[in-house]
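*Asks:* Just to be clear, the model below is a prediction. Sequence and coordinates:
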Amino acid sequence: MSLDLADLKLLSTVARHLSFRMAAQELDLSASAVSHAVRSIEERLGVRMFSRTTRSVALTPAGRQLLDRVGPALQDIAAAIDGINDFRDTPQGLLRINAPRPAGELVLGPLVAEFLTRHPKTEVELVLDDGFVDIVEGGFDAGVRYGESLQQDMVALPLGPAQRLMVVGAPALLERVGTPHTPRDLLTLPCVRIRFPSGARYAWEFEKAGEKIAVDVEGRLTVGEMPLMLQAALAGVGFAYMYEPYAREALASGALVSVLDDWCPPIPGFYLYYPSRKLPTATLAAFIEMVKAAQWPG
């Protein structure tokens, strides 16, 4: 014969109060329900746990022996549950986020730094990966992606301002090969290409007056990330297609020049997402609230 945790909790509560009425109040039950439950336990055990009269309730030797042994374990269980509640109520512990490199470099860095300052009991692991990752299978609390690539069973919210991809080149490059006037002109000009972790090469995407064009440019250099593309553009290797913040300083100094601006409208920014079927921890919930409250330039 075995007792479950609910049985032990009921016996322990009655023993602590030595009153069915007071135990019932704590357990949010009626006194008759508590009395019936104790009687049922005693019948299953074949041993009386309490001696009771119309005026008093007392532990029998068998009852005292049992509760003396299980009491510390019940206290440990209660403490463990309280510890879980701390995770529910107070941001603490590790928050794992998977994001493409541009999102990490352009948006998440300052946000994560502020989050760690506000919540000193937390840790953040930010994994930058341009491939498509199953965040549930990968053990991540949340991910960052572009809006069109989000799965249906995810909750998503905007992260950061609208972004803009633009074509830039060094002044010396423009003097040498000329200035493109349409995206198709890039097909005959040197460009720095970028390849995704999947192996697919990115075709540069443009839009103007409702017309959309994707151009699979040519070039002698292919890289895997935009900072390397920026370095190549500054060296005059070819035209580069990148998020505007990467090139902002070089554009301001004149080290790079933008072209095809009328084909490069702003696009939606990144999205933070997490599983809709999973209750966010206090740590993730705090990060979500920070994202919602953030004031983004532009």
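*Replies:* Nice, thanks for sending it over. Everything quoted here is computed from the prediction, not taken from an experiment.

*Asks:* quick one, helices of this structure?
*Replies:* Here the chain has its helices, by DSSP state H, at 5-17, 20-27, 31-45, 61-89, 101-103, 109-118, 171-177, 226-234, 244-253, 282-293.

*Asks:* mean pLDDT lowest for which of those helices?
*Replies:* The stretch with the lowest mean pLDDT among these is helix 61-89, at a mean of 71.

*Asks:* Now the spatially most central residue of the chain. Nearest residue, chain neighbours left out?
*Replies:* Central residue of the chain (Cα atoms, centre = their mean): residue 142, 2.1 Å from the mean position. Nearest non-adjacent residue to residue 142, counting by Cβ to Cβ, 6 or more residues apart in numbering: residue 274, 4.3 Å away. All C-beta spots, glycine's among them, are computed from the backbone N, C-alpha and C.

*Asks:* And residue 181, by the same measure?
*Replies:* Closest residue to residue 181 apart from its sequence neighbours, by Cβ to Cβ, 6+ apart: residue 260 at 7.7 Å.

*Asks:* what pLDDT does that neighbour get?
*Replies:* Looking at residue 260, its pLDDT is 95.

*Asks:* That one: what's it in contact with?
*Replies:* By Cβ atoms under 8 Å, 6 or more residues apart in numbering, the residues touching residue 260 are 166-167, 180-183, 206.

*Asks:* at 10 Å what do you get?
*Replies:* 166-168, 179-183, 185-186, 204, 206, 208, 239, 241 (Cβ atoms under 10 Å, 6 or more residues apart in numbering).

*Asks:* I only care about these that end up buried; give me the ChimeraX line for that.
*Replies:* Provided next is the ChimeraX selection string for whichever of the contacts of residue 260 are buried by 16 or more other Cβ atoms under 10 Å:
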select :166,167,168,180,183,186,204,206,239,241
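
*Asks:* Now flag whichever of the contacts of residue 260 is closest to residue 289.
*Replies:* Distance to residue 289, by Cβ to Cβ, is smallest for residue 166 among the contacts of residue 260, at 32.5 Å.
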